[in-house]
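[1] only the shape, not the letters, is given here:
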RNA sequence: GCGAGGGUAGCCAAGCUCGGUCAAAGGCGACAGACUCAAGAUCUGUUCUCGCAGGAGUCCCCCGGUUCAAAUCCGGGCCCUCGCACCA
């Protein structure tokens, strides 16, 4: 009989939610478990990959619920930022891809026009996430606590957080250079291109702007990434085709390209274009280099790009292949030389000057590389490659040579910053920021780097904060372990982080200055707390305008007394006390689970804000990082709308099959490709289990047998292992046992003639409980069939009762199954069709020797001692065998782990076990089976195989 | 570049923290058999090579080292993936 997945999913979800099994209230004295997953940003539909982390969270929470914990597992969404705004804009202009995604998900034209409003977009997707994803998957989340970051009450919480950061001295202000659109303000440069229409992979480059003084006092400003090469300057490049301008900067006049002047104006105060400047007229003239004060000649070059840097370039032919090739080309270009009057003497003055010792190169790497590669023209596309090669080695491995003055002997990497600093200090240079490629805003305007003079930062560089956070992180349960170790480095590396931004964004206005909006990472650090309070706001027990600083101070920091706070807020004292008690009950957060992208972004600030603002007893306890589900042949990205819409997949495969897929397909800490066939096979597995269970429930009761005790023993092992795995949140091993190993045990039981309805029923109940965290709908359906009261989901999973006797029961069956393996192996290799199998258990003395070896304790067994102690009592014919056997046993025992020792000590009466199992074996191999002890003088052993018998491994003879 | 993770049999994926229980779990695929009118359903077995006795040989990206013993530890190399800050 097939399972109707959608039907049972709906049935149990209705039942759970109407019985409010998913809702959480504090219960003093009962241990609590508080878990969240990092809430998703509201930027469109999610895809099947996102459900991995969410599902794992739900499974953990469900397990905790079944093991005595009062659990809290709230969910929410992150609407801050421009995701919803840009989505609304795409809808507004009826972007075909966006419209297509929406309509294929069933949106009407009416809904479409509603979604032109960003707030409606947020509302719309909040509904989708809640209903189509999380409820659809049967999560045990307390829906009453749902919150979203642009809800008015949540915003009050963020305001409070910023005030506390300031109070702790963790807010600082300083200038900042950000990519910005002239019209829309700062934009994010990011490959997913939420803000921009072009240039997602651009970077902000830090140029040094070096000033070269002309005879008339004006200054040519050249932008370079390598200021330390100032010592190797030989000439200057100007493009006669480019339009330059004279720009007044403070009390100086700079010559730069018109485009560069515009950029400078955004980054420096007091920049004004006063005149145009003719590049051609400069050529042939001289200018004075900064720092070295060397006089160099100005030459023409077509390579100066007015959009890159300042459109003016300083020339270092020793280390820049482009400069060297430029000089070579110029030397051979008589036409140009004639036009600008460039003489051989001038060119000779521009001969390369060696400045850097680069491992693997001579004194002039650029000359060397271009000659080796045979590059002689600026049009040669391999110039880029040559530049990269020289730059890379020179910058990271090079050392400044004796021609670099005070910096001789410095590593280039260090010299770069030091030289720049000195030049800036002396007024010979300035900083200049530019993008590595053209970036266009969604509106079509150019994105440029703009100085923001009074940017606010959270000071994650604060030494005390950093130290406490690192120390606390060591005590946290952080998985995977690699991240537990690495987060130390991440925290160490953290520095100030911009926490507010200008522009058209959804989010909380910055309480210290409402031109700013609190930035999207900064408003999502303490938020687990807010789930505790959201219930009260959602139920109308407090209004946003009442949630002021005294309110949060009282509830979260325990400041003030309830009467005063009630006056200051207008909130009922009962509500205040309850909220505070509830916070104290649930906090700290036990687990925050999120994708690997959070490792260097969200998790560190999440931790540090807790440490910075809250009392130590409220600092978070654990972090779990999950890796991704990807699509075959590339990421299934959110922006592309999702290769596999979640409701569709749920419909096709069933929620439980997907949940099992997420739990079992691989360790959480590797990326896994989504494959329909894989999910389908989990669906098959679930149906197989269902059919098996139904058959078992309907089975006829049979007589008690000797495997009953074995199955009971196995149940104890299932439970013990389940708890052990979940202790480590190792869902995969847990699922492997529950969905694959356990069914094997049932099959073995039946095969061995087990028939007790009672024993099977007992085992089925435990099995069902074990399934409940991962495949809850299936488990409930089975639980109901078993006649159990609602619900398996909140039934209690007891702890295991393993004893010596359960060990023995398991050892007994292990003996049989390994015996079957051995016999089958012999039959397979020899191709004998057996008419008779003779089994001979090890003689008594071998057991004694093994026991003796095992009792030897830690120092292990000594062969000599074993032989000496066993010899006297041995029958004559065994004495020859003893030394070899003792040696084998000694080495075997020597390398046993404690676990193996325990098992080996739990040996069973093999003769009896085999005699009892004789019929079973005869049935299995369809032939006669004879059982002897090797001690038995009447045994049937024509080939003298009895000597091979060892404890746990009877000798075998087949014919 | 900086930082992190990884390369295991046809494929996916455990194992590596604590070296021996590892020819290396499990799943998928493939092959064979059983049950069947039949099957893409289910069950059983096989799936590195050799083997008419439960075994042997070779193996866990490559090279080298430590060790009685290495998939596991150390060094070097090649290759892949990911994060890098105002992007959630």
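    Yep, it's here. Computed from a predicted structure; not experimentally measured. Numbers count the residues shown, from 1 in each chain, chains lettered A, B, ... in the order given.

[2] check the spacing between the most centrally placed residue in chain A and RNA strand B real quick.
    By Cα atoms, centre = their mean, chain A has its centre lying nearest to residue A:596, at 1.4 Å. Distance, residue A:596 to RNA strand B, by Cβ to the nearest atom of the strand, to the nearest Å: 5 Å. C-betas here are computed from N, CA, C, even on glycine.

[3] ok, that residue touching residue A:625?
    Yes: under the criterion of Cβ atoms under 8 Å, residue A:596 makes contact with residue A:625 at 5.4 Å.

[4] that's a strand at residue A:236, yeah?
    Yes: judged by DSSP: H, G, I helix; E, B strand; the rest coil, residue A:236 forms part of a strand.

[5] for the closest residue to it other than its chain neighbours, grab phi and psi.
    Spatially, and ignoring its direct neighbours in sequence, residue A:236 is nearest to residue A:298 (4.6 Å; Cβ to Cβ, 6 or more residues apart in numbering). Backbone torsions for residue A:298, taken as degrees, to the nearest 10, come to phi -100, psi 120.

[6] residue A:212 versus residue A:298, what's the distance?
    9 Å (Cβ to Cβ, to the nearest Å).

[7] same thing with residue A:821?
    84 Å.

[8] what of residue A:911?
    Distance from residue A:911 to residue A:212, by Cβ to Cβ: 100 Å.

[9] same question, residue A:685
    74 Å.

[10] who has more neighbours, these two?
    residue A:212 (24 against 18; other Cβ atoms under 10 Å).

[11] what's the helix or strand for residue A:211?
    Using DSSP states H and E, the element containing residue A:211 is strand A:204-214.

[12] partner strands of the helix or strand following that strand, parallel or antiparallel?
    Downstream of strand A:204-214, the first helix or strand assigned by DSSP H and E is strand A:219-224. Sheet partners assigned to strand A:219-224 using DSSP bridges are listed as strand A:204-214 (antiparallel), strand A:252-257 (parallel).

[13] ok, back up a step: give the residues shared as contacts by residue A:298 and residue A:212.
    The contact sets of residue A:298 and residue A:212 overlap at A:220, A:236, A:287 (Cβ atoms under 8 Å, 6 or more residues apart in numbering).

[14] ok, of those, which one's closest to RNA strand B?
    Nearest to RNA strand B among those, counting by Cβ to the nearest atom of the strand, is residue A:236 at 28.4 Å.

[15] identify the residues contacting that closest one.
    Residue A:236 touches A:212, A:220, A:222, A:287, A:296-299, A:312-315, counting by Cβ under 8 Å, 6+ apart.

[16] just the buried subset of those residues, written out for ChimeraX, thanks.
    Entered in ChimeraX, the line below selects the buried ones among these, by 16 or more other Cβ atoms under 10 Å:
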select /A:212,220,222,287,296,297,298,299,312,313,314,315
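
[17] does anything pack onto the longest helix belonging to chain A? Which helices or strands?
    Scanning chain A for the helix with the most residues, using DSSP state H, yields helix A:804-830. The contact analysis (3 or more Cβ pairs under 8 Å, 6 or more residues apart in numbering; DSSP states H and E) places helix A:804-830 against helix A:708-727, helix A:898-905, helix A:910-916, helix A:918-925, strand A:955-958.

[18] can you list the buried residues in the helix or strand following it?
    Next in sequence after helix A:804-830, counting helices and strands by DSSP H and E, comes strand A:836-841. Using 16+ other Cβ under 10 Å as the burial criterion, the residues of strand A:836-841 that qualify are A:837-841.

[19] is any residue of strand A:836-841 near RNA strand B?
    No: using Cβ under 7 Å from any atom of the strand, strand A:836-841 never reaches RNA strand B; the gap is at least 8.1 Å.

[20] show me which residues of the stretch 351-500 of chain A sit near RNA strand B.
    Neighbours of RNA strand B within the stretch 351-500 of chain A, by Cβ under 7 Å from any atom of the strand: A:392, A:396, A:455, A:457, A:460, A:481-483, A:485-486, A:489-490, A:493-495, A:497-500.

[21] the strands in the stretch 51-200 of chain A, which residues?
    A:70-72, A:76-77, A:147-148, A:171-181, A:185-186, A:196-198 (DSSP state E, counting those that start in this stretch).

[22] which one, of the ones you listed, ends up nearest to RNA strand B?
    By Cβ to the nearest atom of the strand (comparing all of these), the closest turns out to be strand A:171-181, at 4.6 Å.

[23] the closest one versus strand A:204-214: what angle between them?
    80 degrees (axes from the mean of the first three to the mean of the last three Cα atoms, to 10 degrees).

[24] can you tell me what sits against strand A:171-181?
    Here strand A:171-181 makes contact (Cβ under 8 Å, 6+ apart) with A:162, A:165, A:186-189, A:195, A:202, A:204, A:266-267, A:433, A:435, A:439, A:441, A:443, A:445-459, A:496, A:498-499, A:501, A:503, A:512.

[25] restricted to buried residues, select those residues in ChimeraX.
    Buried members of the contacts of strand A:171-181, defined by 16+ other Cβ under 10 Å, are picked up in ChimeraX with:
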select /A:162,165,186,187,188,189,195,202,266,267,433,435,439,441,445,446,447,448,449,450,451,452,455,456,457,458,459,496,498,499,501,503
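
[26] inside helices: which ones of the contacts of strand A:171-181?
    A:162, A:165, A:266-267.

[27] among the residues you listed, which pair sits farthest apart?
    A:165 and A:266 (28.9 Å; Cβ to Cβ).

[28] what domains does the record give for chain A?
    As given by automatic domain parsing, the domain ranges for chain A are A:31-168+A:476-631, A:206-431, A:677-802, A:824-958.

[29] is it possible to get CSV of those that adds mean pLDDT?
    Below are the domains of chain A laid out as CSV (pLDDT from 0 to 100):
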stretch, mean pLDDT
domain A:31-168+A:476-631, 93
domain A:206-431, 90
domain A:677-802, 93
domain A:824-958, 81
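
[30] could I get these in TSV, plus columns for distance to residue A:465?
    Formatted as TSV, the domains of chain A follow (distance: least, Cβ to Cβ, whole Å):
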stretch	distance to residue A:465
domain A:31-168+A:476-631	5
domain A:206-431	26
domain A:677-802	28
domain A:824-958	44
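
[31] report the contact partners of residue A:491.
    Per Cβ under 8 Å, 6+ apart, neighbours of residue A:491: A:466, A:469-470, A:473, A:604, A:607-608.
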